[in-house]
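Asker: Here's a sequence, model it:
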Amino acid sequence: MIFFNTSRRYYLNGIDWVMAALDRINIKHTGLGNHSQLVLVLKGYLDKKNLTNKLSKTLSNSAFLRGKTKRAWHLAPYWVSEQQNFDPEDIRFFKLESNNQTIENNLNKIIQDCARTPFKDDKTLLGFDLIHSNNSTYLIMRFNHRMFDARGAEALLGYLLDEQKSDEKYTLPSQGAQLNLWKSRFLSGQRINRFLRSIYSKEIQVVQINDQSDASKSESNNSHCFHCFTFSEKQTSTIDENAIKKAGYLMNGIYILSCVTKSFDSLFKKRNSQGNMLVPINVDVRETKFSTAKIFFNNVSFMLFNVKQGLSITDYIISFKTQFIDQVKNKIPYHFINASLLMRIMPLKILSFFMNFRMRKKPCSFSFSYISEQAFNLKSVQNFEVLNLFHMPLVPINPGIGVFFTRFNKKINMVISSFDNNLSKQDGKYLQEEIISRITFRPNQ
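Answerer: Presented below is the predicted three-dimensional model:
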């Protein structure tokens with residue numbers, strides 16, 4: 001049985017507090033929180049009863065199905081878990097039969113509907129769905145970013161399903177309030193403010209995907225939509241080769257980002273939208289070795305890039321590499337983490353209002369992330385071969401669209417996540433095809 005020692009408190013860090021504020025903002029605008037989901041694809045039909053028995057065992061009296069934040073006497077927020085047994089009735093089950101295009105469309109619709117399903121209350125952190133279709137199982141784990149980032153959720157799913165670790169004890173991490181080094185926090189805040197002022201200079205205008213007419217906006221139901229694609233092993237090898245040749249060793253993320261940016265450039269030109277493109281990206285700050293203590297909460301920071309429209313992929317690579325090296329040299333990800341500790345003094349209601357105002361005043365063009373190393377390492381689940389694992393995050397209200405890449409079993413998965421009022425189906429298909437074409441391009445083709 002997995003259980004957690006909660007005798008010591010976990011005080012939220014600044015990034016955790018920011019994620020909690022984003023959760024509140026998203027709920028206000030869309031009815032959904034700062035959620036994401038993992039989709040695990042297995043060969044064959046995983047038995048629902050066996051799965052519910054396994055989850056009931058591993059999640060019995062767990063400390064991460066439900067939770068909330070409280071404030072200590074010194075105002076630092078800390079996490080309070082509400083231990084609760086897993087209810088097998090909470091797993092929704094779908095079964096699709098036959099093998100035709102209609103079934104495939106229904107499968108995609110169900111998977112997207114799962115991603116858009118709210119939790120039963122604002123304390124619930126995990127949810128599960130099971131789909132049988134065409135001799136494949138799709139096991140979905142929905143999670144809230146208040147307690148898990150993307151890689152942490154992958155690792156958790158692996159531990160929940162691993163038959164070899166069903167009796168292993170894991171400890172909910174403890175973390176101090178970090179109410180010290182105030183001068184260092186303020187200096188980091190000054191650095192971040194100077195950095196943001198340089199990015200958002202008065203001379204630039206930021207191009208946005210939701211720059212549409214009021215008529216088109218009124219037709220939207222403001223729902224999240226997704227375009228998912230898995231590159232083959234051959235295509236993934238081509239991407240890796242292109243990255244080394246054009247961007248350099250260990251610069252796969254820069255190469256992929258450059259191709260995505262050029263694709264957005266084409267879409268913006270198609271829409272006659274002009275301006276600079278501002279791109280926020282997530283940065284995983286874990287050490288190379290993935291420890292169980294790093295499963296929980298948010299082990300990420302941020303970087304922000306600013307590029308012009310109309311450049312070639314080569315010029316985008318040069319610009320992104322220059323900015324990347326400069327931000328690493330100036331420790332921008334560290335200063336985001338350090339400065340964000342000061343934001344915890346604000347109640348969530350005030351912080352979410354402040355962040356919502358700033359995101360509207362200082363918009364971005366699209367968000368991006370590339371997770372180069374998988375944290376889920378099981379080859380099979382209850383003797384069913386694991387075929388794929390991909391992420392479907394709900395993009396924040398601003399910029400309202402993001403492109404997310406993960407690697408699994410020598411393949412790269414891509415998900416374009418957006419609001420319906422930001423990206424039509426036609427534009428979504430156009431953007432996906434542009435990215436695929438550019439990222440896998442060979443000069444001799």
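
Asker: Give me the distance between the two termini of stretch 244-260.
Answerer: End-to-end span of stretch 244-260 (CA to CA, to the nearest Å): 17 Å.

Asker: If you count neighbours, what's buried in it?
Answerer: 247, 251, 252, 253, 254, 255, 256, 257, 258, 259, 260 (16 or more other CB atoms under 10 Å). Every residue, glycine included, has its C-beta placed from N, CA and C.

Asker: which residues in the stretch 201-350 of the chain form helices?
Answerer: Along the stretch 201-350 of the chain, counting by DSSP state H, counting those that start in this stretch, helices occupy 214-218, 233-246, 252-270, 313-329, 332-340, 348-361.

Asker: How far off centre is the second one?
Answerer: If I follow you right, that is helix 233-246. With CA atoms, centre = their mean, to the nearest Å as the basis, helix 233-246 stands 23 Å off its chain's centre.

Asker: same deal with the longest one?
Answerer: Taking the mean of its C-alpha atoms, helix 252-270 sits 19 Å from the chain's own mean (CA atoms, centre = their mean).

Asker: Quick one: mean pLDDT for it?
Answerer: The predicted model gives helix 252-270 an average pLDDT of 97.

Asker: what's the answer for the shortest one, then?
Answerer: Per-residue pLDDT over helix 214-218 has a mean of 40.

Asker: what's the neighbour count on the closest residue to residue 301 other than its chain neighbours?
Answerer: Using CB to CB, 6 or more residues apart in numbering and skipping the chain neighbours, the partner closest in space to residue 301 is residue 333 (3.7 Å). Counted by other CB atoms under 10 Å, the residues lying close to residue 333 total 19.

Asker: So residue 333 sits against residue 302, correct?
Answerer: Yes: if you go by CB atoms under 8 Å, residue 333 and residue 302 touch, sitting 6.7 Å apart.

Asker: Spit out the residues that contact those two alike.
Answerer: residue 283 (CB atoms under 8 Å, 6 or more residues apart in numbering).

Asker: which two in the buried residues of stretch 244-260 are spaced the farthest apart?
Answerer: 251 and 260 (14.3 Å; CB to CB).

Asker: now residue 310: how far from residue 319?
Answerer: 12 Å (CB to CB, to the nearest Å).

Asker: Looking at the two, which is more packed in?
Answerer: Neighbours were counted for residue 310 and for residue 319 using other CB under 10 Å; residue 319 has more, 18 against 11.

Asker: Now do the same contact list for the more buried one.
Answerer: Applying CB under 8 Å, 6+ apart, the residues contacting residue 319 are 305, 307, 311.

Asker: Now do the second one, the pLDDT please.
Answerer: The pLDDT attached to residue 307 in the predicted structure is 97.

Asker: same deal with the last one?
Answerer: Turning to residue 311, the model gives it a pLDDT of 97.

Asker: Stretch 195-205: end-to-end distance?
Answerer: End residues of stretch 195-205 are separated by 17 Å (CA to CA).

Asker: list the buried ones in it?
Answerer: Buried, per 16+ other CB under 10 Å, within stretch 195-205: 195, 199, 200.

Asker: What segments of this protein are strands?
Answerer: 35-43, 67-71, 77-81, 92-96, 126-133, 136-144, 224-230, 277-284, 300-307, 367-371, 380-381, 384-391, 401-408, 411-419 (DSSP state E).

Asker: for the ones you listed, which one sits closest to residue 337?
Answerer: Closest among the strands of the chain, using CB to CB: strand 300-307, at 5.1 Å.

Asker: Show me which positions of that closest one end up buried.
Answerer: 300, 301, 302, 303, 304, 305, 306, 307.

Asker: Who does that strand pair with, and is each partner parallel or antiparallel?
Answerer: strand 277-284 (antiparallel) (DSSP bridges).

Asker: the inter-axis angle of the strand it pairs with versus helix 252-270?
Answerer: Counting by axes from the mean of the first three to the mean of the last three CA atoms, to 10 degrees, strand 277-284 lies at 150 degrees to helix 252-270.

Asker: Report the angle between strand 277-284 and strand 401-408.
Answerer: Going by the same axes, to 10 degrees, strand 277-284 makes 40 degrees with strand 401-408.

Asker: Can you give the contact residues for strand 277-284?
Answerer: For strand 277-284, the surrounding residues in contact (CB under 8 Å, 6+ apart) are 149-151, 199-200, 206-207, 257, 261, 264-265, 268, 299-309, 333, 363-371, 399.

Asker: one step back: what residues does the residue nearest to residue 301 make contact with?
Answerer: Contacts of residue 333 by CB under 8 Å, 6+ apart are 283, 285, 301, 302, 303, 327.
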